[in-house]
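Chemist: Structure for the following, please:
(one chain, ligands or ions: 3)
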Amino acid sequence: MKDEIVEMLNEDLAGEHAAIIQYLVHAYAMGEGETACEIEAIAREEMRHFDWLAETIVGLGGVPTILRGAMRTGGDSVAEWMSNDVQQEIDAVKLYEEQIKAIGDRKIKRLLRRILSDEESHRGSFEHFVEKAKRKGAKDLRGTRSDKTTKILNWGIEHEYTVILQYLLQSYLTTNEEAKEELQDQAINEMQHLGWLSEEMVGSGGSPRIEHTEVDQSRKTADMLRADIKVEKEVAAEYDRAAGELDDPGLKTLLIRIRDHERYHADVFGDLLNEEGKD
Ligand SMILES: [Fe+2]
Ligand SMILES: [Fe+2]
Ligand SMILES: [Fe+2]
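Modeler: Ligands and ions are numbered 1, 2, ... in the order given. Now for the predicted structure:
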């Protein structure tokens with residue numbers, strides 16, 4: 001039964017993952033309006049679900065999946081996107097309701113009920129956004145720009161998404177409490193980077209593509225940290241190089257700020273690795 005529950009929760013995790021990215025893509029594409037902020041807030045609630053589910057999976061002796069479930073990213077208008085988001089929530093509600101019936105464990109049932117009530121509320125919010133988008137004619141602000149700038153932004157987005165997944169997975173798998181806390185902290189910082197770069201992309205006439213590259217699968221904390229230090233050093237150098245190549249002063253400043261964060265991350269992980277080596 002334990003394995004079956006892990007399997008079910010991993011299916012939920014993949015669904016939460018898909019919802020997070022689907023909603024973020026929609027929020028970024030809508031620019032800085034009120035609805036976009038509300039959608040981002042919903043995405044943040046899905047991140048909390050993701051976190052609770054992953055911790056529960058680890059508690060059951062399982063490994064949280066970083067696979068992403070099916071997303072609904074089509075649609076020609078904001079109203080259609082919002083309908084897609086309604087549908088995503090309807091699917092989630094259905095899945096959680098089935099699992100609540102199938103699972104006997106009191107604590108897990110309670111957690112799923114808690115998540116379910118959020119999803120029901122999200123469904124209502126997205127239904128409201130459909131109507132609002134129809135009334136106000138909200139626009140897709142993304143463009144088709146494709147040049148050096150959008151290439152750099154897309155590279156950054158891909159990198160940030162990859163390390164978000166990597167640090168979250170590592171934070172669930174490590175047994176080093178200090179590393180766990182730092183990994184979660186840096187993952188949140190990388191989420192900020194992802195948001196900044198995506199908003200910059202939309203603002204400058206491009207279209208963010210949120211896909212990731214290979215995520216480190218180490219199981220030993222020291223190996224995780226070595227992989228993290230390597231990637232942080234590489235990307236700090238790359239952000240530094242890219243900032244030097246671009247003329248837009250705002251974008252330059254942004255990339256330098258991110259570069260400095262990445263250097264900080266490399267230092268933090270370096271200290272943790274030194275500590276880890278002493279045990
Ligand atoms: Fe959720
Ligand atoms: Fe970053
Ligand atoms: Fe970083």
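Chemist: Check the stretch 1-150 of the chain for the residue nearest ligand 2 and tell me.
Modeler: In the stretch 1-150 of the chain, the residue found nearest to ligand 2 is residue 24; the distance is 15.4 Å by Cβ to the ion. Any C-beta I mention is one placed from the backbone N, CA and C, and that applies to glycine too.
Chemist: That residue is in what secondary structure piece?
Modeler: When elements are assigned from DSSP states H and E, residue 24 belongs to helix 2-29.
Chemist: for the next helix or strand along the chain from that helix, packing partners?
Modeler: If you walk from helix 2-29 toward the C-terminus, the next helix or strand you reach (DSSP H and E) is helix 34-59. Other elements packing on helix 34-59 under the criterion 3 or more Cβ pairs under 8 Å, 6 or more residues apart in numbering; DSSP states H and E are helix 2-29, helix 106-136, helix 148-173.
Chemist: Show me the contact partners of the next helix-or-strand element following helix 34-59.
Modeler: From helix 34-59 onward toward the C-terminus, using DSSP H and E, the following helix or strand is helix 78-102. Helix 78-102 is contacted from outside by 8, 11-12, 15-16, 18-19, 22-23, 26, 29-30, 39, 71-75, 109, 112-113, 115-116, 119-120, 122-123, 126-127, 129-130, 133-134, 138-140, using Cβ atoms under 8 Å, 6 or more residues apart in numbering.
Chemist: let's see it at 6 Å
Modeler: Outside helix 78-102, the residues within contact range by Cβ atoms under 6 Å, 6 or more residues apart in numbering are 8, 15, 19, 26, 72, 75, 109, 112, 116, 119, 122-123, 126-127, 129-130, 133-134, 138.
Chemist: For the stretch 51-200 of the chain, give me the ranges with low pLDDT.
Modeler: Within the stretch 51-200 of the chain, the ranges that satisfy pLDDT under 70 run 137.
Chemist: hmm, try it at 90
Modeler: Where the stretch 51-200 of the chain drops to pLDDT under 90, the residues are 73-77, 133-147.
Chemist: Can you pull the residues of it lying near ligand 2?
Modeler: The stretch 51-200 of the chain comes close to ligand 2 at residues 160, 190, 193, as judged by Cβ under 5 Å from the ion.
Chemist: in the chain, what residue is nearest ligand 1?
Modeler: For the chain, the residue positioned closest to ligand 1 under Cβ to the ion is residue 49, at a distance of 3.7 Å.
Chemist: Which strand or helix spans the residue of the stretch 101-250 of the chain found nearest ligand 2?
Modeler: Here the stretch 101-250 of the chain gets closest to ligand 2 at one residue, residue 193, 3.7 Å apart by Cβ to the ion. Counting by DSSP H and E, the secondary-structure element that holds residue 193 is helix 177-203.
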